[in-house]
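**Q** Got a sequence here, can you build the structure:
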Amino acid sequence: MAATPWAIYNKAKKKLGNGTIQLGVNIFRVQLHKSTSNASVATLSTAASASNEVTNGSGYLTGGKSVLTVTWTTGVSIQQYRFDAADPFWSATGTIASIMYAVLKNSAGQAVAWSKLSTAIFSVTTGNRLTLQLDTNGIFTLL
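**A** Model prediction:
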């Protein structure tokens, strides 16, 4: 099961440019969504407009998980900067069911980016852990 690269929402690009979303300042969260979600629609502007978030409970809290250790690092050249963070994870205390997408948002609820986590719906069962292993090249790279 392989996740797709993170895709930045169209409106997030504008908000990044005008400073509404501040990558070095904002607090970020990742929330999980079901296969029936519209999370991959490029025109979403808020995380609340991404439908069908995974059900609260069993180790998942509505609104997602804080993304810690946010960093900006240089890429393969000094002209590239990578936005990255520590890998978020959830420990299942029951079944966290029907997972398909992850949505990255800032603390104001603005949708930043999304990733399709698998080609098939999956669940995380009691005693297991879901870790979103973010790409070693970062969540995204500015060239």
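**Q** OK, contacts around the nearest residue to V70 once chain neighbours are set aside?
**A** Counting by C-beta to C-beta, 6 or more residues apart in numbering, A85 is the residue found nearest to V70 once chain neighbours are left out, at 4.7 Å. In this view, the C-beta of every residue, glycine as well, is placed from N, C-alpha and C. Contacts for A85 (C-beta atoms under 8 Å, 6 or more residues apart in numbering) come out as F28, V67, L68, T69, V70, T71, L134, I139.
**Q** and the least confident of those?
**A** In terms of pLDDT, the lowest of the contacts of A85 is L134, showing 85.
**Q** secondary structure element for K14?
**A** helix 10-18 (DSSP states H and E).
**Q** Then G138?
**A** Per DSSP H and E, there is no helix or strand for G138.
**Q** Now do the contacts for it.
**A** Per C-beta under 8 Å, 6+ apart, neighbours of G138: T73, G75, R82, F83, D84.
**Q** for V124, same thing?
**A** Per C-beta under 8 Å, 6+ apart, neighbours of V124: G59, W90, A92, T95, I96, I99, L130.
**Q** No further questions, thank you.
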